[in-house]
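**Q** return a 3D structure for these sequence lines:
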Amino acid sequence: MPQQEPHVVEALQRKGLGRSRRAATSLAAVTALVAGAALSGCGQQRDPGVYTVMNSSTDESYHRWDAQAMARCGERLGVAIEQQSVPAAQVMTKALRMASSKSLPDIVQFDASEMPTFAEAGGLTDLRTLGLSTEDIPDGIVDFGSYQGTYYGAARSVNTLALFYDQDALDRAGVRVPTTWAELRRAAKKLTQGKRYGLALSAGGAEDGVFQFTPFMWSNGGDETKLDGPRVIEALDYWKDLLADGSLSKSTVNWTQADVNDQFMAGNAAMMINGPWQVETLNTKKSLHWGIARIPVPETGADSVGPLGGAVLTVPDTGDETRQRTAGRIVACLAGEKEQLTYALNSWMVPAHAKAAAVWRERVPELDALADQVAAARSRTAKLGAGWSSVSLALQSAFQSALTGQSSEAALRRAQQRATSGNRGTRT
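**A** Okay, here's the model as predicted:
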C-alpha cells in the first residue's frame, strides 16, 4: 500500500516548527504518533471515488462556498469531494499527525506562509508535474505558491491589507484620506476624540501583528533579513509615535485583526488597517459608510508594498501517483478561472487568475484600491522560505517590547538575534 515517507515528519520536527509551548506540545504528540506508526503497517484504505480536501474554512459562509465549489468540480470530474475543515492554527499540526499515520488527505489547503515548511520536508508534489499551468497567474502569485522555484501551491484568491476609513467621521473632522505617513499621523491625531481613536491596527503577539507591520517595514525599504536595520527601526518608531500621540489604543498590543474590525464597526476607531475578509461583516452595518485606500507610504511617490495573504491548495506526496493526478485535476478545477471568480465575489478576495481579476475589478469597483495594493504586494516567505516562522516569532516579541516602553532599536536588535538563531542552517 502507498505510504507517506517518514522523512517528511522527521524533517519537519528537526525544523522546530513553532516555538511556543503549544507548538512544542503538539510536536511531542506527533513524535509519539510517528513511533506508533511503525506498528500500523500500510496507510489507510481509501475509497477510489472519494477525495478529501483539508482546509481552514470553519466559518459557516466559507465552508458553504467551498462545499458548493467542490460539488461543482466533483460533478465535472466524476468524483466525490469531501471537505474537512479545522481551525487555521491547527492545519499544520493536523497535517503532521496525518503524515505520521499515513492518512494525509488528497489535498491540503495551507496558509501560504506555512506551505514552505511542509515543502522543505519533501511532503508536497510539484503541481506542474500534475498538469497545472501558471500561464495566466501573475509572477508574484506564482512565487506566493512556490518554494525554491517549485510550484507547490495554487491560490484561488489572494488578499492584502488596506486602509479602511469611516467617511462620515473624516467629513465631520474635515480630514482628507491620508496618503503619506505624515498625513496619516496628522489625520489620526485630529480624528482622535473622546472614546474614539484615530486609527486601529493589530500589533499583537501573533502573525496578525506581523502581517500588519510588513507594509510599514517594506514600504520604508526595510527587510526581514535584517530586522535591526535603520528602515525597520523607523517603521516601528512610527508605530510608537502613533501610540504616543494617543491615536492608537494601548490595547493594540493585544488586538487581533478581528478585534480591530470590531472597534472600527463600534465607532471606536475612525480608520483601521485591515483586509477584505472583513467586508462582509462591515456591510452588515448599513449606517457605516466606509471607504478603502492604499496604506499610506513614508513619502509621496513611494510604493505601498503590503503582504500577499491567503491560502494555497497543495497535493501531498502520498506515494499514490494515480490519486495524486486526480487530486491535481481537482486543484486545477477549484483554482480555475471560473471558480476563482465565483469564490472571490463571495469572499471579497482578489482572484489569483489575471483574467478573473480583471472581471472582478469591474464587478466590485469599490475595492479597486485593494486590487492596486495586491499588484504591488509580495509574499512573506519570498526571501526566507521556511525561515519566515523564526522572523515572525521574533517580530512578535519586538512589538510587545517596543510598544510597552523599550526602544525600537533594542527590541529589534534582540529580534534579529532570535531570528538568526532560529534560521541557522535554513536554506533560502
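**Q** C333: what's it in contact with?
**A** By C-beta atoms under 8 Å, 6 or more residues apart in numbering, the contact set of C333 is R72, C73, R76, L77, E339. From N, CA and C alone the C-beta is placed, and that goes for glycine too.
**Q** show me which of those are buried.
**A** By neighbour count, with 16 or more other C-beta atoms under 10 Å, those hold R72, C73, E339 as buried.
**Q** from these, which single one is nearest A154?
**A** Using C-beta to C-beta, E339 comes nearest to A154 of the buried ones among the contacts of C333, at 11.0 Å.
**Q** quick one: residues contacting that closest one.
**A** A69, R72, C73, R156, C333.
**Q** which residues of the stretch 301-428 of the chain score low on pLDDT?
**A** Counting by pLDDT under 70, the stretch 301-428 of the chain contains low-confidence ranges at 422-428.
**Q** by mean pLDDT, flag the weakest helix or strand of the chain.
**A** helix 21-37 (a mean of 34; mean pLDDT, DSSP states H and E).
**Q** ok, then the element right after that helix?
**A** Next along the chain after helix 21-37, taking DSSP states H and E as the criterion, comes strand 50-55.
**Q** what does that following strand rub up against?
**A** 66, 70, 74, 79-86, 91, 94-95, 98, 105-109, 311, 313, 323, 326-327, 330.
**Q** can you tell me the SS state at the nearest residue to S249 once chain neighbours are set aside?
**A** Spatial nearest neighbour of S249, chain neighbours left out: Y197 (5.2 Å); criterion: C-beta to C-beta, 6 or more residues apart in numbering. Here Y197 is strand, with the state taken from DSSP: H, G, I helix; E, B strand; the rest coil.
**Q** now do the helices in the stretch 301-428 of the chain.
**A** Here the stretch 301-428 of the chain has its helices, by DSSP state H, counting those that start in this stretch, at 321-334, 337-347, 354-363, 368-376, 388-402, 408-422.
**Q** closest one to R172 among those?
**A** Per C-beta to C-beta, nearest to R172 of the helices of the stretch 301-428 of the chain: helix 368-376, 22.2 Å.
**Q** which other residues reach the closest one?
**A** Residues outside helix 368-376 that contact it (C-beta under 8 Å, 6+ apart) are 138, 158-162, 276, 292-295, 303-306, 308, 350, 357, 360-361.
**Q** hang on, the earlier thing: for the buried ones among the contacts of C333, give me CSV that also has distance to L248.
**A** Compiled in CSV, the buried ones among the contacts of C333 are given as follows (distance: C-beta to C-beta, whole Å):
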residue, distance to L248
R72, 44
C73, 44
E339, 40
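**Q** in the stretch 101-250 of the chain, which spans are strands?
**A** Along the stretch 101-250 of the chain, the stretches classed as strands by DSSP state E, counting those that start in this stretch are 107-111, 146-147, 150-151, 157-158, 162-166, 197-200.
**Q** run through the stretch 1-150 of the chain and note the low-pLDDT ranges.
**A** For the stretch 1-150 of the chain (pLDDT under 70), the answer is 1-45.
**Q** wait, isn't Y147 in contact with A119?
**A** Yes: counting by C-beta atoms under 8 Å, Y147 does reach A119; the two are 4.0 Å apart.
**Q** going through the contacts of strand 50-55, which ones are buried?
**A** Buried, going by 16+ other C-beta under 10 Å: 66, 70, 74, 79, 81, 83, 85, 91, 94-95, 98, 105-109, 311, 313, 323, 326-327, 330, out of these.
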